[in-house]
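Undergrad: Build me a model:
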Amino acid sequence: MNRRAILLFCALAVSVPASPALGGGPDKAPTVEDLHRADELYREGSALLDAGKLPEARAKYAEAWELKQSYDIATNLGAVELALGDKAAAATHLRWGMRNFPVNGNPDTRKVLEQRYAEAKAASGTVILNVSVAGSDVTVDGKSVGQAPLPDEVYVEPGTRKFGATAKGYEAASEVREIAVGGTVEVALTLVASGAGGAGAGPGGDASDGGVARYVPAIALGATAIAAGAIGLGLRAAASGRADDAAARGAFLQSSTGSQSPCDLSANASECDALDADLSAHDDLTRASVALFVVGGASLVGGAVALGVAASTGGGTAVIVPAFGPRTAGLTVVGSF
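TA: Numbering: from 1, shown residues only. Okay, here's the model as predicted:
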């Protein structure tokens, strides 16, 4: 990508306020000072880009992104990363920019953004990470990519990549996979509870302990039920947000065109594609939330069973291992009575 193409993209970008979205960015709400500093860093990055200093511009944009999530920062950071050859990072930030594209944004800007994103994704590898323990820290080649369940697939550089997950009270899980250019793979990371009692004992458990250790499965399943329910509620809220975006986009199209069926007009193809994307995201998030509610309910039932078994004179164990991913949620039940 030549410098003129980068500058064209940046010239088209429009600054908008920070907005919440799935994936990437700061873990806490920015302060007023953070927002002012992020704006300052953004301006410095744009000046460096104008001067052709791409690595320095990327550093400024990346620092601004750590302080504030906004469309202009994400798109410009992604564009510079693409120009520097970091296709996986570019795909991640450009995807964020697409998902947060303003309803009344310039169609030409969106077209450039879509082209850049498609180019970055095609040159990267796409990985769907399914992790058995919610809240686990997930890494790619030792670098954190978030906590399970990850809301989206992860883009990585093609080649041999190592995926890992860690959680307190569990043995770390890892897997090494060969990732092809433009390919998509699913990676399952199953964490096993640590301690002498293995999967049924949990942190600090002892298989010979006839007291507290027997209740660990019930406690773990109860915690899983709570976590699944909380995550499910979060996804349901995100789905509602995408529905609101779709409604706003549809109302904008109707008001700007004066037509009740604006998507029948070819001139609105780009905005209508964005509307379809919002509706599709709403459906996906709704299905994911339902799946997590099912996981939570099953874990709750399993916890009750495990509690009954632990309280009985015969002992026994009942363990449900959930698997969370951006597109899947499931259960594996293991028990002895």
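
Undergrad: alpha carbons only for contacts and neighbour counts from here, please
TA: Fine.

Undergrad: Just the element for the closest residue to Ala59 other than its chain neighbours, please.
TA: Spatially, and ignoring its direct neighbours in sequence, Ala59 is nearest to Gly45 (7.6 Å; Cα to Cα, 6 or more residues apart in numbering). Element membership for Gly45 (DSSP states H and E) is helix 32-50.

Undergrad: So which bits of that helix are buried?
TA: 35, 37-39, 41-46, 48-50 (16 or more other Cα atoms under 10 Å).

Undergrad: ok, which stretches of the stretch 51-200 of the chain are helices?
TA: Along the stretch 51-200 of the chain, counting by DSSP state H, counting those that start in this stretch, helices occupy 54-67, 71-84, 87-99, 107-122.

Undergrad: Of those helices, which is nearest Thr139?
TA: Closest approach to Thr139 among the helices of the stretch 51-200 of the chain (Cα to Cα): helix 87-99, 14.5 Å.

Undergrad: how close does Ile219 sit to Ala165?
TA: As judged by Cα to Cα, to the nearest Å, Ile219 and Ala165 stand 21 Å apart.

Undergrad: actually Ala64, not the one I typed
TA: 28 Å.

Undergrad: Kindly report the same for Ser124.
TA: Taken as Cα to Cα, the span from Ser124 to Ala165 is 22 Å.

Undergrad: And for Pro107?
TA: Distance from Pro107 to Ala165, by Cα to Cα: 40 Å.

Undergrad: before we move on, what about Thr126?
TA: 18 Å.

Undergrad: ok, these two, which is more surrounded?
TA: Ala165 (28 against 24; other Cα atoms under 10 Å).

Undergrad: and that one, bridged to which residues?
TA: Val138, Ala173 (DSSP bridges).

Undergrad: can you pull the contacts of it?
TA: Counting by Cα atoms under 8 Å, 6 or more residues apart in numbering, Ala165 touches Val131, Ser136, Asp137, Val138, Thr139, Ala172, Ala173, Ser174, Leu189, Leu191.

Undergrad: repeat for Ala90
TA: Shown in contact with Ala90 (Cα under 8 Å, 6+ apart): Leu77, Gly78, Ala79, Val80, Glu81, Leu82, Tyr117, Ala120.

Undergrad: Check those residues for burial and list the buried ones.
TA: Judged by 16+ other Cα under 10 Å, buried ones among the contacts of Ala90: Leu77, Gly78, Ala79, Val80, Glu81, Leu82, Tyr117, Ala120.

Undergrad: got the contact list for Asp276?
TA: Contact partners of Asp276, counting by Cα under 8 Å, 6+ apart, are Ala246.

Undergrad: let's see 10 Å
TA: Applying Cα atoms under 10 Å, 6 or more residues apart in numbering to Asp276 gives the contacts Ala246, Ser270, His282.

Undergrad: is it possible to export the residues you listed to CSV including secondary structure, neighbour count and distance to Pro149?
TA: Shown next, in CSV, are those (DSSP: H, G, I helix; E, B strand; the rest coil; neighbours: other Cα atoms under 10 Å; distance: Cα to Cα, whole Å):
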residue, secondary structure, neighbour count, distance to Pro149
Ala246, helix, 23, 25
Ser270, helix, 15, 31
His282, helix, 24, 18
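
Undergrad: Gly234 and Ser289 touch, don't they?
TA: Yes. Contact criterion Cα atoms under 10 Å: Gly234 and Ser289 qualify, at 7.9 Å.

Undergrad: Give me the common contacts of these two.
TA: Contacts common to Gly234 and Ser289, judged by Cα under 10 Å, 6+ apart, are Ala228.

Undergrad: Show me which of these two is the more surrounded one.
TA: Set side by side, Gly234 and Ser289 show more neighbours around Ser289, with 25 against 14, by other Cα under 10 Å.

Undergrad: Pretty sure that one sits against Ala239.
TA: Yes. Here Ser289 reaches Ala239: they are 8.7 Å apart, a contact under Cα under 10 Å.

Undergrad: Tell me the residues that contact both of those two, please.
TA: Residues touching both Ser289 and Ala239 by Cα under 10 Å, 6+ apart: Leu233, Asp283.

Undergrad: and the contacts of Asp276 as JSON lines, adding pLDDT and distance to Pro151?
TA: Shown next, in JSON lines, are these (pLDDT from 0 to 100; distance: Cα to Cα, whole Å):
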{"residue": "Ala246", "pLDDT": "72", "distance to Pro151": "20"}
{"residue": "Ser270", "pLDDT": "72", "distance to Pro151": "25"}
{"residue": "His282", "pLDDT": "74", "distance to Pro151": "13"}
